[in-house]
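A.B. asks: can't give you the sequence, but here's the structure:
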């Protein structure tokens, strides 16, 4: 099932033996567009503490009751490695959490990533590494680990001009990958929103906070229409992917 990322925030997170807190943020791998961690605010249970939970431990979100079950006990979560969110989430920190929970980065349906091409690296991105607050939204750390909250609002450019900014993300709650970027086209195409797949992302410039696509403005303008309240069903996704000639998802 597809879920809007911003709607997931604030969901009550239910361990196998009780509530532990709420979804605060999502951290994704900028190479693969797959979620690596759910950031859970446990302040109602563990005062002042946030924890990282691997998406492979999550069940299907309960939209009606705004709940997200996780296949862990409260004792397991309480004893997990503590993280200071004033410091970067480093590769070493992640390794410790992977080891504690017994999970691995290369997880998901069929044991593979969604297959998106990795965004191109550029000189600006390399220069961005030291001391950047835009890498994860948590300070310097793993350069491929990004916060959806930090990337939300990035400008989006087609091959021949700007088209708007990222307003939200559409997630697949089975493989926990980012399926689409919701782009608010703003002044370019007033009142319109479009869905862009990570398949179309050619480059991300972390210094300038913009995403560059491999499609033209006209191609975006003539894409299958979509409005934020519209259902994103299999039929619409097939039309969208067929129009842009993006790979599908095993339909």
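C.D. replies: Received the coordinates, thanks. Just so you know, these numbers come straight off a predicted model, no measurement behind them. Numbers count the residues shown, from 1 in each chain.

A.B. asks: so for stretch 167-174, mean pLDDT?
C.D. replies: For stretch 167-174, the mean per-residue pLDDT is 94.

A.B. asks: quick one: buried residues of it?
C.D. replies: By neighbour count with 16 or more other Cβ atoms under 10 Å, stretch 167-174 contains the buried residues 167-173. C-beta here means a position set from N, CA and C on the backbone, and glycine is covered the same way.

A.B. asks: where's residue 95, which helix or strand?
C.D. replies: helix 91-101 (DSSP states H and E).

A.B. asks: show me what that helix is in contact with.
C.D. replies: Helix 91-101 has contacts (Cβ atoms under 8 Å, 6 or more residues apart in numbering) with 36-37, 52, 54, 57, 72, 76, 80-81, 83, 104-105, 141-142, 145.

A.B. asks: residue 179 is in what secondary structure piece?
C.D. replies: Element membership for residue 179, per DSSP H and E: strand 178-184.

A.B. asks: right, and the helix or strand after that strand?
C.D. replies: Later in the chain than strand 178-184, the nearest helix or strand by DSSP H and E is strand 193-196.

A.B. asks: how distant is that following strand from the center of its chain?
C.D. replies: Strand 193-196 sits 16 Å away from the centroid of its parent chain (Cα atoms, centre = their mean, to the nearest Å).

A.B. asks: try stretch 227-243
C.D. replies: 19 Å.

A.B. asks: and that stretch, average pLDDT?
C.D. replies: Here the average pLDDT along stretch 227-243 is 94.

A.B. asks: need the distance between the two termini of it.
C.D. replies: End-to-end span of stretch 227-243 (Cα to Cα, to the nearest Å): 17 Å.

A.B. asks: that stretch: which residues count as buried?
C.D. replies: Residues 237, 240-241 are the ones in stretch 227-243 that count as buried (16+ other Cβ under 10 Å).

A.B. asks: give me the three-state assignment for the spatially closest residue to residue 61 that is not a sequence neighbour.
C.D. replies: Excluding its sequence neighbours, the residue lying closest to residue 61 (Cβ to Cβ, 6 or more residues apart in numbering) is residue 68, at 5.1 Å. Here residue 68 is recorded as strand under DSSP: H, G, I helix; E, B strand; the rest coil.

A.B. asks: phi, psi for residue 207 please.
C.D. replies: In this entry, residue 207 is assigned phi and psi values of phi -70, psi -50 (degrees, to the nearest 10).

A.B. asks: next secondary structure after the least confident helix or strand in the chain by mean pLDDT?
C.D. replies: Ranked by mean pLDDT, DSSP states H and E, the weakest helix or strand in the chain is helix 123-127, scoring a mean of 41. Per DSSP H and E, the first helix or strand lying C-terminal to helix 123-127 is strand 145-147.

A.B. asks: for that following strand, which strands pair with it and how are they oriented?
C.D. replies: If you go by DSSP bridges, strand 145-147 pairs up with strand 18-29 (antiparallel).

A.B. asks: go through the strand it pairs with and flag the buried ones.
C.D. replies: By neighbour count on 16+ other Cβ under 10 Å, the buried set for strand 18-29 is 20-29.
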